[in-house]
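Q: What follows is a predicted structure for the sequence shown.
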Amino acid sequence: MLIDCHAHLDSYSDAEVGEILERGRRVGVGFVMSAGATLKTSYRSIELAHTYDDFFSGVGIHPMNVTGPVDDATYEQLRAMALSTEKVVVISEIGLDFMEGAPDRAIQYQAFREQIRLARELRLPVVFHSREAHDEVFRVLREERAYEVGGVMHYFQDDENTARKAIELGFYVSLARPLLRLPHLQRAVANLSLDDIVLETDAAPQPFKPKRENWTEPRHLRVIADKLAALQGRAPEEVEEATSANIRALLGRGWQTVTKYLPTAQPAI
Ligand SMILES: [Zn+2]
């Protein structure tokens, strides 16, 4: 079974999500963990988790979407959503983004720290975003003791040294479609242990791609997993088993929820 640990399917209609999940199932995708990026999209993601058994959700405010500090009321809303169903299995998507035009950094730091606090309070792992901010992201994760709940460095596309920093801090690195085209990433990944890797697509609508069939979807996990297997000289089944076992370890009691909705989801460890 393949697991998409990070996607954004909230802006699709219920019917479209059903079709996307079905296309994923056909290539062995067991389930998808869709992220929230705002309060509203977190809510919508939870709604979809109620609709589809193989859809699990995160709640979180993305660093590019912070508009003000996570005050008590916002924290409480996130907390209430996370507790509203056992199908919320991660705090996602949170982090720091220092790209030009990104929101005020002081507000980003505050929102990131508060959401790690929430993750620790609820004992949920975090899926984090880092763009042009790795050292600061790692510092905040360390200071806020995010390693106590663990998590995933999402959409990893950097070098081996950065991957090792994330892993040493207690996190998995998550690989997506850039693995198919970035030589430096391919070199880095060839040297990493499968025990430290998970997979994702970060799938979201891509209207800038004229052909709908080219939009990234969970079904693309198959080519990412095959590429990883080739780079490591392993069988694709080994990649499937290892990355599923990693998600099982990551989710902890959340995995019990997964097996409740998907009774066949029991990868070997
Ligand atoms: Zn994302």
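A: Received it, and whenever you're ready, just let me know what you need.
Q: And the pLDDT at the closest residue to the ion within the stretch 1-150 of the chain?
A: As assessed by CB to the ion, the ion sits closest to E93 within the stretch 1-150 of the chain, at 4.8 Å. Using the backbone N, CA and C atoms, a C-beta is placed for each residue, glycine as well. Note on E93: pLDDT of 97.
Q: got the residues of the chain near the ion?
A: Residues of the chain that fall close to the ion, judged by CB under 5 Å from the ion: 93, 202.
Q: Spell out the residue ranges of the helices in the chain.
A: 14-26, 39-51, 72-84, 105-122, 134-143, 160-168, 183-190, 221-232, 236-251, 253-261 (DSSP state H).
Q: Excluding sequence neighbours, find me the nearest residue to A235.
A: A229 (6.3 Å; CB to CB, 6 or more residues apart in numbering).
Q: count of residues packed around that neighbour?
A: Counted with other CB atoms under 10 Å, residues neighbouring A229 total 17.
Q: Kindly report the same for S174.
A: Number of residues near S174 (other CB under 10 Å) recorded here: 25.
Q: in the sheet, who's paired with it?
A: Assessed by DSSP bridges, S174 has beta-bridge partners V198.
Q: That one reaches L192, doesn't it?
A: No: using CB atoms under 8 Å, S174 is not in contact with L192; the gap is 11.9 Å.
Q: got the helices of the chain as a markdown table, with mean pLDDT columns?
A: A markdown table is the format used below for the helices of the chain (pLDDT from 0 to 100):
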| stretch | mean pLDDT |
| --- | --- |
| helix 14-26 | 98 |
| helix 39-51 | 98 |
| helix 72-84 | 98 |
| helix 105-122 | 98 |
| helix 134-143 | 98 |
| helix 160-168 | 97 |
| helix 183-190 | 96 |
| helix 221-232 | 98 |
| helix 236-251 | 97 |
| helix 253-261 | 95 |
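Q: Could you dump the ones you listed into a markdown table and include distance to W215?
A: As requested, the helices of the chain are exported to a markdown table (distance: least, CB to CB, whole Å):
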| stretch | distance to W215 |
| --- | --- |
| helix 14-26 | 9 |
| helix 39-51 | 17 |
| helix 72-84 | 27 |
| helix 105-122 | 28 |
| helix 134-143 | 28 |
| helix 160-168 | 27 |
| helix 183-190 | 22 |
| helix 221-232 | 14 |
| helix 236-251 | 23 |
| helix 253-261 | 26 |
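Q: so the residue nearest to A235 sits right up against V239, yeah?
A: Yes: using CB under 8 Å, A229 is in contact with V239, at 4.6 Å.
Q: What separation do you get for the residue of the stretch 151-269 of the chain at minimum distance from the ion and R131?
A: When CB to the ion is the measure, the stretch 151-269 of the chain has its nearest residue to the ion at D202, with 4.7 Å between them. According to CB to CB, to the nearest Å, D202 and R131 sit 12 Å apart.
Q: of the two, who's got more company?
A: D202 (20 against 15).
Q: V152 is in contact with the more buried one, correct?
A: No: counting by CB under 8 Å, D202 does not reach V152; the two are 11.6 Å apart.
Q: what sits in contact with each of the two?
A: Contact criterion CB atoms under 8 Å, 6 or more residues apart in numbering; residues shared by D202 and V152: H6.
Q: re the thing from before, looking at the residue of the stretch 151-269 of the chain closest to the ion now. What's its pLDDT?
A: Note on D202: pLDDT of 98.
Q: For it, grab phi and psi.
A: Taking degrees, to the nearest 10, you get phi 60, psi 30 for the backbone angles of D202.
Q: Make 877 the starting number, not 1.
A: Fine by me, first position is 877 from now on; the one you just mentioned is D1078.
Q: List the contacts of it.
A: D1078 touches 882-884, 1030-1031, 1052, 1092, counting by CB under 8 Å, 6+ apart.
Q: Go again with 10 Å.
A: 880-884, 911, 969, 1005, 1030-1031, 1050, 1052-1054, 1092, 1096 (CB atoms under 10 Å, 6 or more residues apart in numbering).
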